[in-house]
Structures are given as C-alpha cells and as structure tokens.
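Visitor: Give me a model of this one.
(one chain, ligands or ions: 2)
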Amino acid sequence: MKDEIFKKPISKQFEFDEEVATVFDDMIGRSVPFYKENLALVRDLVIKNLQEDATIYDLGCSTGTLLIEIAKKSDKNLYLKGIDNSAAMLQRAKNKAKAFGVDIEFIYADILEYDFSLANCFIANYTLQFIRPLKREKFVKKIYEKLEDEGVFIFSEKIITEDKRLNKQLIDIYYDFKREQGYSDYEIAQKREALENVLIPYTLKENEEMLLQTGFRFVEPIFRWANFATFFARK
Ligand SMILES: C[S@@+](CC[C@H](N)C(=O)[O-])C[C@H]1O[C@@H](n2cnc3c(N)ncnc32)[C@H](O)[C@@H]1O
Ligand SMILES: O=C(O)C(=O)C[C@]1(C(=O)O)C=C[C@H](O)C=C1
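Guide: Ligands and ions are numbered 1, 2, ... in the order given. Here you go, the predicted structure:
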C-alpha cells in the first residue's frame, strides 16, 4: 500500500503503529536511498560470513524483508530471529515469511530488555537511531557480549555531519531524493517534524567510536549515500 500518512496534519510523534506498518514497505523503499541495493549488500555479506547452523538476529526487523531475503538465498541451515516491539510489523513479517515458505522466528520484544542467546551475527538496519543516546552505547555493549568471537554486527543509520554547511547541503539533497520519490514538500516537512527527537542520528565518527569503545576490534562503513550509512563491525 502507498505511504500517504503525512499528507494529513500530524497529531503525534512518529510511531511504528498499525498505520505505519500497513504502508511500511513502500515508505522505507521511498525514504531510504538505495534501500534495495543496500538490503542485497547486507544479505550477501551476512551469507558470506556465516557457517552452517549459525544464529542471526535482526534487531528492529519490521516486516521481515531482510531475513526473508537471507532465507531465500542461503543454502545453509541458519537460525534466523527477527525482533521488534511493534506487533503490527511482526504480524506482517509472519504473513510474508509464510507466503515465501521460509522458517524465521519472529519475537515480539523490546531489544533493550530482551535476553539474547549467543549469536554469530547481529543486524540493526535503521534501528539504533531510535534508541535514546543515553541507552545506545550500553545496548551496543550488550550486542558485543552476545556475539561469538569473530562474530559480525552490521547496522545502517541515518547520519549527520559535523560541518554545518555540508550537513545542510546533504539534507537538502536527501529531500530532493524524497521529492523524486513522489513525496510533496508538505509530506516531507510533516514527517521531519514527527521524527524530531524520535530519530536521533550520530555522525559517522560517533558511530565508529561507539563500536570501538564497546570492544569491537574492527568497524568500517561499507556503504554511504549523503546522510545514510551502513557499517560492518567484527568482534
Ligand atoms: C526503520 S525500522 C527498521 C527497518 C528494517 N530493519 C528494514 O531494514 O527494513 C525500525 C524498527 O525498529 C523497531 N524498534 C524500534 N525500537 C525498538 C525496540 N526498543 N525494540 C524492538 N524494536 C524496536 C520499530 O518497531 C521498527 O519496526
Ligand atoms: O523519512 C525519513 O526522514 C527517514 O529518516 C526514513 C526512516 C529511517 O531512516 O529510519 C524513518 C522512518 C521510517 O519510515 C523509515 C525510514
């Protein structure tokens, strides 16, 4: 279904509720530059990094798109686990996985509270940015502790840039991208307001430092377009 949520005046902050879940696949495809290409990149990297019987968590899995892609392409036995605290998103994820005939465990939980089992890979695409900065580093530490040695953590984020002028230019270019995707200036402004203080982006450096401080021995951006980036980290 087409995302037309911000065509009407907003009445609350951005939430992953039933209304957003209904249009989410269209929304994210038209709101994150190179979403499809990036999904394929992450899928392929995950597959290359995993042995038979590996456990993978997708944190903030939304409608399950990435895990379904991994399940469809991998020829290994994998334990795929998607976690989200939006029941509306998980309902769609379960329906999609069933339609594709793939075996994925979807868990309704708050990732900040959930007790993960040891895993070989964690993924968090566009999810850390929704965790309050006060809790974000501690949460990344928890991921680190639940990763097997040599395990990988792949995450994507909206980012900001320290240079104020460049930051504004990149955001303007991002809004041009949204216009090209069919969003009006009104919709763009409304969503921006709804996301204020809900989505809190870090700089590339802040993200890298957060990972290194929590113990990861290696972290590198593997994709960047303007104000969006994807990182690969290894324990
Ligand atoms: C932008 S979406 C992620 C998109 C998805 N990873 C993808 O690439 O298609 C962020 C997701 O994180 C979930 N989320 C945010 N905070 C969470 C939390 N504390 N616990 C569990 N899920 C959370 C939201 O419900 C939402 O589905
Ligand atoms: O539309 C925006 O401004 C976004 O930041 C896109 C973004 C994200 O990056 O997480 C925000 C909310 C969801 O709709 C999906 C994507």
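Visitor: can you map out the helices along this structure?
Guide: Here the chain has its helices, by DSSP state H, at 18-31, 35-49, 65-73, 87-100, 133-145, 164-180, 185-195, 204-213.
Visitor: will you turn these into CSV that also has distance to ligand 2?
Guide: All C-beta atoms are positioned from the backbone trio N, CA, C, and that covers glycine. Formatted as CSV, the entries for the helices of the chain read as follows, by distance: least, C-beta to the nearest ligand atom, whole Å:
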stretch, distance to ligand 2
helix 18-31, 4
helix 35-49, 8
helix 65-73, 12
helix 87-100, 11
helix 133-145, 15
helix 164-180, 7
helix 185-195, 5
helix 204-213, 14
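Visitor: Point out the most buried one among those.
Guide: helix 65-73 (a mean of 20; mean count of other C-beta atoms under 10 Å).
Visitor: What mean pLDDT does that helix get?
Guide: Averaging pLDDT along helix 65-73 gives 98.
Visitor: Quick one: residues contacting the nearest residue to residue 12 once chain neighbours are set aside.
Guide: Distance criterion C-beta to C-beta, 6 or more residues apart in numbering; nearest residue to residue 12, sequence neighbours excluded, is residue 194 at 7.4 Å. Taking C-beta atoms under 8 Å, 6 or more residues apart in numbering as the criterion, residue 194 is in contact with 6, 10, 12, 13, 14.
Visitor: Let me see the confidence value for residue 194.
Guide: 98.
Visitor: Quickly note the distance from it to residue 92.
Guide: 21 Å (C-beta to C-beta, to the nearest Å).
Visitor: Make JSON lines from the contacts of residue 194 and add distance to ligand 2 and neighbour count to it.
Guide: Converted to JSON lines, the contacts of residue 194 look like this (distance: C-beta to the nearest ligand atom, whole Å; neighbours: other C-beta atoms under 10 Å):
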{"residue": "6", "distance to ligand 2": "9", "neighbour count": "20"}
{"residue": "10", "distance to ligand 2": "13", "neighbour count": "13"}
{"residue": "12", "distance to ligand 2": "14", "neighbour count": "7"}
{"residue": "13", "distance to ligand 2": "12", "neighbour count": "12"}
{"residue": "14", "distance to ligand 2": "6", "neighbour count": "20"}
